[in-house]
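>>> Sequence plus the predicted model coming up.
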Amino acid sequence: MDSAVSKKVTILSYIISFTFIIAMITASVMLKDPEIILPEVAAMAIAMWVYREAGWIRQPPKIFLAPSITAAIGFVVNQLHITYIGKVSLTLILMMLFLRII
């Protein structure tokens with residue numbers, strides 16, 4: 001019986017995760033802005049809702065902050081008028097600093 005319930009919970013988790021990702025893609029298409037698609041947030045949705053890794057679940061603020069802030073850093077730096085290598089370098093430095101702080 002637990003197996004049947006567990007399978008239903010797993011299927012529901014996949015449905016919720018993919019619905020969230022599809023909503024992000026839909027918003028991107030409707031607003032004509034590819035920057036709305038945040039792969040970091042999609043990866044965390046799958047990791048948290050489907051795989052339920054206990055080590056990640058113990059620190060909910062970091063689960064929200066890390067991908068959200070690093071995605072925002074990437075978005076902001078991408079808007080700057082600097083060379084591609086400058087954008088990549090600056091993004092990596094800022095992300096590493098932020099992750100070190102939290």
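Alright, I've got the coordinates. Residues are numbered from 1 along each chain as shown.

>>> Could you list which residues are in contact with Lys8?
Contacts for Lys8 (CB atoms under 8 Å, 6 or more residues apart in numbering) come out as none. Quick note: C-beta positions are derived from backbone N, CA and C, even for glycine.

>>> Tell me how many other residues surround Ala45.
Using other CB atoms under 10 Å, Ala45 is surrounded by 20 other residues.

>>> can you check the one 5 residues further on too?
Counted with other CB under 10 Å, residues neighbouring Val50 total 16.

>>> do the same with Leu97
10.

>>> Next one, pLDDT for it please.
Looking at Leu97, its pLDDT reads 88.

>>> quick one: which helix or strand includes it?
helix 84-101 (DSSP states H and E).

>>> which residues are contacting that helix?
Outside helix 84-101, the residues that touch it by CB under 8 Å, 6+ apart are Ala66, Ile69, Thr70, Ile73, Gly74, Val77, Asn78, Leu80, Ile82.

>>> In helices, which of those fall?
Within these, residues falling in helices by DSSP state H are Ala66, Ile69, Thr70, Ile73, Gly74, Val77, Asn78.

>>> So for stretch 74-83, first residue to last residue, what's the gap.
End-to-end distance for stretch 74-83, by CA to CA, to the nearest Å: 14 Å.

>>> Pipe the contacts of helix 84-101 into JSON lines and attach pLDDT and distance to Ile37 per row.
Listed next are the contacts of helix 84-101 as JSON lines, based on pLDDT from 0 to 100; distance: CB to CB, whole Å:
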{"residue": "Ala66", "pLDDT": "80", "distance to Ile37": "18"}
{"residue": "Ile69", "pLDDT": "85", "distance to Ile37": "17"}
{"residue": "Thr70", "pLDDT": "82", "distance to Ile37": "15"}
{"residue": "Ile73", "pLDDT": "87", "distance to Ile37": "16"}
{"residue": "Gly74", "pLDDT": "83", "distance to Ile37": "12"}
{"residue": "Val77", "pLDDT": "90", "distance to Ile37": "17"}
{"residue": "Asn78", "pLDDT": "86", "distance to Ile37": "13"}
{"residue": "Leu80", "pLDDT": "92", "distance to Ile37": "20"}
{"residue": "Ile82", "pLDDT": "93", "distance to Ile37": "22"}
